[in-house]
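A.B. asks: Output the structure for:
(4 chains)
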Amino acid sequence: MDFNFTEEQQLLADTVRRFVREGYSFEHRREILKSADGWSRDSWNELAGLGLTALNVPEAHGGLNAGPVDTMLVMNALGEGLVVEPFLAAAVVTPALLSRLNDEKAAADLFPGIATGERIVIFAHQEPGTRGETSHVTTRAEKSGDGYVIDGYKNVVSHGGAADELLVSARTSGKPTDADGISIFRVDPKATGVAVKTYKTIDGQTAADVELKGVKVPASSLVGAAGKAHSAIEGTYEVAISALCAEAVGIMKAVNATTLEYTKSRKQFGVPIAKFQVLQHRMADMFLHSEQALSMSYLAAIKCTDPDRNERVRSLSAAKVVVGQSARFVGQQAIQLHGGMGMTDELMVSHHFKRLTAIDLTLGDTDFHTQRFIATPAG
Amino acid sequence: MDFNFTEEQQLLADTVRRFVREGYSFEHRREILKSADGWSRDSWNELAGLGLTALNVPEAHGGLNAGPVDTMLVMNALGEGLVVEPFLAAAVVTPALLSRLNDEKAAADLFPGIATGERIVIFAHQEPGTRGETSHVTTRAEKSGDGYVIDGYKNVVSHGGAADELLVSARTSGKPTDADGISIFRVDPKATGVAVKTYKTIDGQTAADVELKGVKVPASSLVGAAGKAHSAIEGTYEVAISALCAEAVGIMKAVNATTLEYTKSRKQFGVPIAKFQVLQHRMADMFLHSEQALSMSYLAAIKCTDPDRNERVRSLSAAKVVVGQSARFVGQQAIQLHGGMGMTDELMVSHHFKRLTAIDLTLGDTDFHTQRFIATPAG
Amino acid sequence: MDLNFNAEELAFREEVRTFLREKLPADIAKQIKSGLPIRAQDYTRWQKILHERGWGAPSWPKQFGGTGWGPVQLHIYDEEAAAAGAPRTIPFGLKMVAPVIMAFGNPAQQQRFLPRILSGEDWWCQGYSEPGAGSDLASLKTRAERQGDHYIVNGQKTWNTLGQHADWIFCLVRSDPNAPKQQQGISFLLIDMKTPGITVRPIITMDGAHEVNEVWFENVKVPVENRVGEENKGWTYAKFLLGHERTNIAGVGASKRELERLKAIASKELKNGKPLIEDPLFASRVAQVEIDLIALEITNLRALAQEAEKHAPGPEASVLKIKGTEIQQALTELMMYAVGPYALPFGRASSEEGDLRTVAGPDYAGPLAATYCNFRKVTIYGGSNEIQRNIISQMILGL
Amino acid sequence: MDLNFNAEELAFREEVRTFLREKLPADIAKQIKSGLPIRAQDYTRWQKILHERGWGAPSWPKQFGGTGWGPVQLHIYDEEAAAAGAPRTIPFGLKMVAPVIMAFGNPAQQQRFLPRILSGEDWWCQGYSEPGAGSDLASLKTRAERQGDHYIVNGQKTWNTLGQHADWIFCLVRSDPNAPKQQQGISFLLIDMKTPGITVRPIITMDGAHEVNEVWFENVKVPVENRVGEENKGWTYAKFLLGHERTNIAGVGASKRELERLKAIASKELKNGKPLIEDPLFASRVAQVEIDLIALEITNLRALAQEAEKHAPGPEASVLKIKGTEIQQALTELMMYAVGPYALPFGRASSEEGDLRTVAGPDYAGPLAATYCNFRKVTIYGGSNEIQRNIISQMILGL
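C.D. replies: Below you'll find the predicted structure:
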């Protein structure tokens, strides 16, 4: 049992924290949010310069082959600064998927560009009605001549509009929620039949709906074995949950600190409101929640690559539940304790709140993961 | 819209409250609890003397033919005093059932003794696994010659041990949870094959398990139409829930008052603990809960005899949910705020707490009634 | 005891329903029933329609052009209007400044201001809160110096709701900075928003809405005749006003309407291929809110009945505020969770345009996250729920 | 970072498991796994078995006959013992008075008292709380007057746990009533329960159990040699003791055992003809506790790791106390609800008889309501959860 991080991990965490503190101020972020794209290529290049885009890429392909604990530390720091660049989508999720699909050609093609940050490859999987169910795929890829024709609709694809290339899950056989029959295809977002509708999301990030209408792709665009992608998708999903949990923990830490500061400085009836016992206990509860969430983010990082599927699923769903509930409580109470000021766009805390809200709505909410936990027997 | 009570109702409430205050002290109750029977025939006679046993008996049979609002007021006052005599079981539930079975002969036989309090007739319906489901009856009554043979098991029958006569629900046809096929039989608890196992319950009341093994009863013991008792049982059940809600409201009122008193007098670090804002807000929440429960006890009293079944079921289940949740919160917090003293048998508050706990476990708990509410469409 | 309305009350309800069915503009009702904001002009349009019917001021006494309705009629009207999708009453003119003018204003002020509030000609806003003074209102700093027949007002108000549309603002100002107690030395002024020196600066809230403002006063000249009541006695009028503010705070009618919307959304959204409303956990959450709302409705009726007898709302209003706002928040939260990831696309609210763009997903998903964010305010404003619990423990529990 | 135990720790766990499998009396384990009380003699029997193995005092240093285990080993031992159904450690001797005697007692006291605690020969109880002084311990009133080489003790202690079995009591007494501050003038005495003038009066709790007592002292003669440390410096030792009291407060092992029991009960109980554990609402409640417990387990391990490095438990212990007790209460509550009406028959607890009669229904139903009632205490004692939140806000948040 050991809760220490290696020196390299400490260094990584310090580096990213410094980047957030010195290179990603609230004002700077505000400028980024106002821009048309909603994210900054310059900041992205800075993250790449720190090695973050290479973090989860295998060494053989120019990466650092780091693990979920490293990702956790990075997400922690990025969460605190509410960094909107596509680190999670492009540098965690996509590498996790690609590594699990065991397709050497695609890996050799894609990983180098991912590692340098030059190419942004985005996994488009979620569909209306998915609600966290990884096998919910109605998009279909029909064999046609030498290739496939893809029809379907992917929704709220994180940073889908930033993609130089999409990895699209589509069903080559089976019924909508069968685990079997799901395949992954490389799709050019500019190809005929692909319509990418980009928009900003409540948390200041960007996402896209991707419509695929009779999109023709060659057989070579299939990544991994046909119909066998589900376990890779599920594994990727666990990695993504782990990263999201770590991000939420970083945010909660910041939110608790700012709430504490605010209540110490804000006076009512001549005394700082932090003197009111009810608010003190509320903040004690916020602390309690974030401590439990921190514990679960550790568990999530350790277990998201566990070879025992049930152990993995139960741990990650449990983590998502605790983090989701904590995020909701901490976020809501932070606004309440900030009073009217907490409602304004002007304070960071409202942005933290919105990102915490978004995290709970992403990759399956608390109810979904409670039910997944119940449905998965202990190992 | 009118929230006032009639003069007669005010008088009734005052009378019962006076009885509790003057004739049913905590010490007196303690003596009753210690007695072998666990309830007092003298106190019962006093209640009868006040007319309470006649309250729900039709006028034609020597009763007062009062309504659920009167019962509510009585239960309120009895709740406050934690009266353990079988008013609910013998003077509310049984008359409600008998009135609904439309059996003139049984009514003429039984009601006069019920009205005077001389005969205690108890409805034995619940079975292991019932959990609030009124149609859950596995006890069977098989035709045999001129009569029936009853086999089955009734559990935690409130005041079953005090019964001079039992009204037993038994299935004359159908499967265990069919609404059709349930009949009511008059059974002498001393008859061959009937085993009544009496015990005290955590709330200071008494109950019994009733085993029926080849119990022979004549055809004349059938009350009402064979196989058609379910709607009468369900109606009785709603009346009983309404009464339980009123009892809980009376208890919560007392519990809130005693908690307020205790926190005002109990000092820690030189100040009354009622000065601590956290405890003040806790008591504000206890008040909030009891106000909502009070509202629902009104609704329950008004709706428990509503001819629209769905409206009735939804209202009563909603009431049981609000009252159950309030009872749990108020009870638990009252103990917490009383600290160690609240744990002791010596203070009334621990007895109030146990009765609130028992009420939530009786006639279907909060989950059961939430589900019944969901399953019943709005009118 | 009878929880049902009597024949007279039922007839009145029918009258209200008929009126709403015939006169409430369909475009406004549609916006509101879809959870979308309406434009300032829509509020005014509706006020004029009400005024034509003689219902411009349901809560005013007849002598000032009100309906003279009692609490139960008011309640029926409020509930029916909310259920039908009528605009909520913007309270600043009708429910806040008007009662003060009626009680403490002189006849000239009453004749000048009240009819224009009734008709919807004047839009009023509130100048109470200041930066640093939230619940502790009496610590306000905005100065009013007497110069002949004018006051010169300098200072800053905040959390001014919809002041960008307002013709008039009522303000608490400090007219005697040397008064021995904070509560003394405050006056109550009515100020024309067109007066030079007034600047309205938007505060954008996290849902993207422009609903509140800062209002800056720089040497703003206010005629003394625009002072209500006596100089330095404003705190009395302010307290009177706050006592009126909690009208219909329970919001049962609006919450019932939102509950229906929640159920409609949860019936359309799917989970595991079945309607979300059939998911046992989600269904239990919806049932919990519905049951709490049933209880609140009766608690509200009880408070009304008490008010009808005693002619004054008591501290029980705090119970209604707490439960009412908790239910409102639960409803916005469940609606947002019902649509899942489609809550994320940010349809920025704009009450100017009276629309909220759904950028992706079903139409009903558009406003849900913004509304969830917006409704965090309801447990903060009008006396935070923490303050309400203080009130209960002081005024009801006697602590 | 690695949440798993290392090879050495795993080997130790195996050693503990083997020992428990071989030596823990089956009758005791059965009682505990059924949620039933055990007799005083069972605690002593188990202490003697542990002592034989050299594990009589897991938390003591080796020099006094302890195991010298570090926090992780202690944790493993505690969790395994709880899971196996071993009796909980009665803390008054082993974990409360012993550390005080080790730190502040003289060699004679150490030699006289410690071995008999280790062997289970002496049963200790606690004389801290007094009526009217709960969390405010320093306001205690029990007097000790020096008369030659004795103190004459008069006063009353309360919330004395299991003192009816005790051979010795350690007491805080006021030896200088004129000290300028409450905390001064307190001494720490060890008193033989057989001394004339001591009366133990049972306090029956609402579950019917006799677990706590009042202890009355009437002119009780206590030799000065039974005072630990200096006269009037007892508050220092008391604080030291309270710092040790929270050991294993999270109670993860016991809660895991109870969670299994809950699942077993909910699998046997039926609802609508199906196992209750398959009811979606009940299943979600069980899952919520299970998930909270997983989180607590890791939070506990984190605290242990920190303790192992810093050698002192910090205010984080308050987090463990709050979450640990909330989970314990949730488990007792769910178990009671699982059996529904069969929770009502009152099987009165009796630790004398080591049994709890099930009067009706399945065996497992017997103790559930009594245990639910009994467990209300866990958020009250050892510093109520309100006090724990005060500690968090003061010591961690710096308020």
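A.B. asks: At the contact with chain B, which residues of the stretch 201-350 of chain C appear?
C.D. replies: Proximity of the stretch 201-350 of chain C to chain B (CB under 8 Å from any CB of the partner chain) is limited to residues C:283-284, C:287-288, C:290-292, C:294-296, C:298-299, C:301-302, C:304-306, C:316, C:319, C:322-323. No exception for glycine: its C-beta is placed from N, CA and C like everyone else's.
A.B. asks: Three-state assignment for the residue in the stretch 101-250 of chain C that chain B sits nearest to, please.
C.D. replies: In the stretch 101-250 of chain C, no residue comes nearer to chain B than C:Ala250, which is 11.6 Å away by CB to the nearest CB. For C:Ala250, the assignment made with DSSP: H, G, I helix; E, B strand; the rest coil gives coil.
A.B. asks: my guess is it meets C:Leu296, correct?
C.D. replies: Yes. The criterion here is CB atoms under 8 Å, and C:Ala250 meets it with C:Leu296 at 5.8 Å.
A.B. asks: neighbour count winner among those two?
C.D. replies: C:Ala250 (30 against 24; other CB atoms under 10 Å in any protein chain shown).
A.B. asks: How about the contacts made by that one?
C.D. replies: C:Leu296, C:Glu297, C:Thr299, C:Asn300, C:Ala303, C:Leu320, C:Lys321, C:Lys323, C:Gly324 (CB atoms under 8 Å, 6 or more residues apart in numbering or on different chains).
A.B. asks: Widest-spaced pair of those residues?
C.D. replies: The span of the contacts of C:Ala250, defined through CB to CB, is set by C:Glu297 and C:Lys321 at 15.0 Å.
A.B. asks: Tell me which of these two has more neighbours.
C.D. replies: Taking neighbours as other CB under 10 Å, C:Glu297 and C:Lys321 compare with C:Lys321 leading, 25 against 19.
A.B. asks: how close does the more buried one sit to chain D?
C.D. replies: Separation of C:Lys321 from chain D (CB to the nearest CB, to the nearest Å) stands at 26 Å.
A.B. asks: what does C:Cys125 give?
C.D. replies: With CB to the nearest CB as the criterion, C:Cys125 and chain D are 37 Å apart.
A.B. asks: I'd guess that residue is in a strand, am I close?
C.D. replies: Yes. Applying three-state DSSP, one finds C:Cys125 inside a strand.
A.B. asks: do the longest helix belonging to chain A and chain B meet?
C.D. replies: The single longest helix within chain A, with elements called by DSSP state H, is helix A:230-265. No. Using CB under 8 Å from any CB, helix A:230-265 stays clear of chain B, coming no nearer than 13.9 Å.
A.B. asks: Do the next helix-or-strand element following that helix and chain B come into contact?
C.D. replies: Toward the C-terminus, helix A:230-265 is succeeded by strand A:267-268 as the next helix or strand (DSSP states H and E). No. Using CB under 8 Å from any CB, strand A:267-268 never reaches chain B; the gap is at least 13.0 Å.
A.B. asks: Other residues contacting strand A:267-268?
C.D. replies: Strand A:267-268 is contacted by residues A:Ile273, C:Gly132, C:Gly134, C:Ser135, C:Asp136 when judged by CB under 8 Å, 6+ apart.
A.B. asks: what's the residue of the stretch 101-250 of chain C closest to chain B sitting at in phi/psi?
C.D. replies: The phi/psi pair for C:Ala250 (degrees, to the nearest 10) reads phi -60, psi -30.
A.B. asks: Now do the SS call for C:Met335.
C.D. replies: helix.
A.B. asks: got the contact list for it?
C.D. replies: So C:Met335 contacts C:Gly35, C:Glu258, C:Arg261, C:Leu262, C:Ile265, C:Leu368, C:Thr371, C:Tyr372 (CB under 8 Å, 6+ apart).
A.B. asks: so which helix or strand takes in the fifth one?
C.D. replies: Using DSSP H and E, C:Ile265 sits within helix C:252-268.
A.B. asks: wait, isn't A:Val330 in contact with A:His289?
C.D. replies: Yes. If you go by CB under 8 Å, A:Val330 and A:His289 touch, sitting 5.5 Å apart.
A.B. asks: Compare the two (neighbour count), which wins?
C.D. replies: A:Val330 (28 against 23).
A.B. asks: roughly how far apart are that one and chain C?
C.D. replies: For A:Val330 relative to chain C (CB to the nearest CB), the value is 13 Å.
A.B. asks: List the contacts of that residue.
C.D. replies: By CB under 8 Å, 6+ apart, the contact list for A:Val330 reads A:Met252, A:Val255, A:Asn256, A:Met286, A:His289, A:Ser290, A:Leu356.
A.B. asks: helix/strand/coil for it?
C.D. replies: Once three-state DSSP is applied, A:Val330 turns out helix.
A.B. asks: How about the one 10 residues further on?
C.D. replies: Using three-state DSSP, the structure places A:Gly340 in helix.
A.B. asks: how many neighbours does it have?
C.D. replies: 19.
A.B. asks: per-residue pLDDT, it?
C.D. replies: Confidence at A:Gly340, expressed as pLDDT, is 93.
A.B. asks: Next: C:Ala349.
C.D. replies: 48.
A.B. asks: Please apply the same query to C:Leu3.
C.D. replies: In this model, C:Leu3 is scored at 88, pLDDT.
A.B. asks: Could you measure from the closest residue to it other than its chain neighbours over to chain A?
C.D. replies: In space, C:Leu3 comes closest to B:Ile302 once its chain neighbours are excluded; the distance is 5.0 Å by CB to CB, 6 or more residues apart in numbering or on different chains. The gap separating B:Ile302 from chain A is 35 Å, by CB to the nearest CB.
A.B. asks: What helix or strand is B:Ile302 located in?
C.D. replies: Per DSSP H and E: helix B:277-303 holds B:Ile302.
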